[in-house]
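Engineer: sequence unknown, structure follows:
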């Protein structure tokens, strides 16, 4: 994490505020603190803040404030914040059917890690993952904290179609595909939950700063949950901060 934020222009109505050069929780805490402060103060001219692993993209109205004005405002705000005390969000439990047709690359991940498929599932589902950022499609979760033992390279040739709900691994990252899309991550499982639903409020289920916990389920449990999800009758399990796991 940098001692001071760096500001870079991104076109004529956006700028990037860089806080570090690595994927780390300390830097992400600072990013969330800045975004929360900007939204709370409703700073005139700033239209949107998009957090990433190590930076924030700010869209602004150049007719209200220019690059240098926005930079000065954000720098003063940053200096007033305690960016080391990031808040911890709740934990969203994601049921996952691992392996088989639901996770066609689980065997490769196990082979690459010199582990059994069951051991991969245990390692993948045995910890809570911080949601660092959301992109490249609506609701796609970039999660931090995966065990290095199951880190696996991306596919050499990306798939043209990955079904919504697919849980994947790419290098030291893990995440969930919220909609049908192309992709190059190693697929190890499938969740029946809809992480993105344009007819739901809010449309995106997870949020930056929250955590995700994967829960292995059987095919029968998957089918039963999917029926409830399709009927709009399923309520995901959310563990609030301070509640027993």
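Structural biologist: Structure received. Just so it is clear, the model here is predicted, and its values are computed rather than measured. Numbers count the residues shown, from 1 in each chain.

Engineer: Please determine how far residue 83 is located from residue 4.
Structural biologist: Counting by Cβ to Cβ, to the nearest Å, the separation of residue 83 from residue 4 is 11 Å. Where you see a C-beta, it was placed from the backbone N, CA and C, and this is true even at glycine.

Engineer: Residue 196 too?
Structural biologist: 36 Å.

Engineer: Between those two, which is the more surrounded one?
Structural biologist: residue 196 (20 against 9; other Cβ atoms under 10 Å).

Engineer: Across the sheet, point out what pairs with the more buried one.
Structural biologist: Beta-bridge partners for residue 196, by DSSP bridges, are residue 204.

Engineer: buried stuff in the top helix by length along the chain?
Structural biologist: Secondary structure of the chain per DSSP state H: the longest helix is helix 25-41. Going by neighbour count (16 or more other Cβ atoms under 10 Å), the buried part of helix 25-41 is 27, 28, 29, 30, 31, 32, 33, 34, 35, 36, 37, 38.

Engineer: same check, this time on stretch 95-108
Structural biologist: For stretch 95-108, the neighbour count (16+ other Cβ under 10 Å) marks 95, 96, 97, 98, 99, 102, 103, 104, 105, 106, 108 as buried.

Engineer: do stretch 110-127 as well
Structural biologist: By neighbour count on 16+ other Cβ under 10 Å, the buried set for stretch 110-127 is 110, 112, 113, 115, 117, 120, 121, 123, 124, 125.

Engineer: Give the rounded mean pLDDT of it.
Structural biologist: The average pLDDT within stretch 110-127 is 98.

Engineer: just the helices in the protein please.
Structural biologist: Ranges of helices in the chain, per DSSP H, are 25-41, 67-80, 106-113, 117-124, 219-231.

Engineer: Using TSV, please lay out those together with distance to residue 147.
Structural biologist: Formatted as TSV, those follow (distance: least, Cβ to Cβ, whole Å):
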stretch	distance to residue 147
helix 25-41	16
helix 67-80	33
helix 106-113	9
helix 117-124	5
helix 219-231	24
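
Engineer: right, and those helices - which one's nearest residue 176?
Structural biologist: helix 117-124 (12.0 Å; Cβ to Cβ).

Engineer: Show me the contact partners of that closest one.
Structural biologist: Residues from elsewhere that reach helix 117-124 (Cβ atoms under 8 Å, 6 or more residues apart in numbering): 98-99, 106-107, 109-110, 113, 115, 146-147, 149-150, 169, 174, 188-189, 214, 216.

Engineer: go again using 6 Å as the cut-off
Structural biologist: Under the criterion Cβ atoms under 6 Å, 6 or more residues apart in numbering, residues 98, 99, 106, 109, 110, 147, 150, 216 lie in contact with helix 117-124.

Engineer: give the contact list for the residue nearest to the fourth one when sequence neighbours are not counted.
Structural biologist: Closest residue to residue 109 in three dimensions, ignoring its sequence neighbours and counting by Cβ to Cβ, 6 or more residues apart in numbering: residue 152, at 4.8 Å. Contact analysis of residue 152 by Cβ under 6 Å, 6+ apart lists 109, 112, 169, 186.

Engineer: Please, a ChimeraX command that selects the buried ones among the residues you listed?
Structural biologist: Buried residues within the contacts of residue 152, by 16+ other Cβ under 10 Å, are selected in ChimeraX with:
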select :109,112,169,186
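
Engineer: any idea which of the contacts of residue 152 is the one closest to residue 220?
Structural biologist: Nearest to residue 220 among the contacts of residue 152 is residue 109, at 24.2 Å by Cβ to Cβ.

Engineer: so where do the strands sit in the protein?
Structural biologist: For the chain, the strands defined by DSSP state E occupy 6-9, 14-18, 46-51, 55-60, 91-98, 128-134, 141-144, 159-162, 166-170, 173-176, 181-183, 186-190, 211-216, 238-239.

Engineer: Is it possible to get TSV of these that adds distance to residue 223?
Structural biologist: Output for these, formatted as TSV (distance: least, Cβ to Cβ, whole Å):
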stretch	distance to residue 223
strand 6-9	49
strand 14-18	45
strand 46-51	36
strand 55-60	40
strand 91-98	9
strand 128-134	25
strand 141-144	24
strand 159-162	20
strand 166-170	17
strand 173-176	19
strand 181-183	24
strand 186-190	12
strand 211-216	15
strand 238-239	23
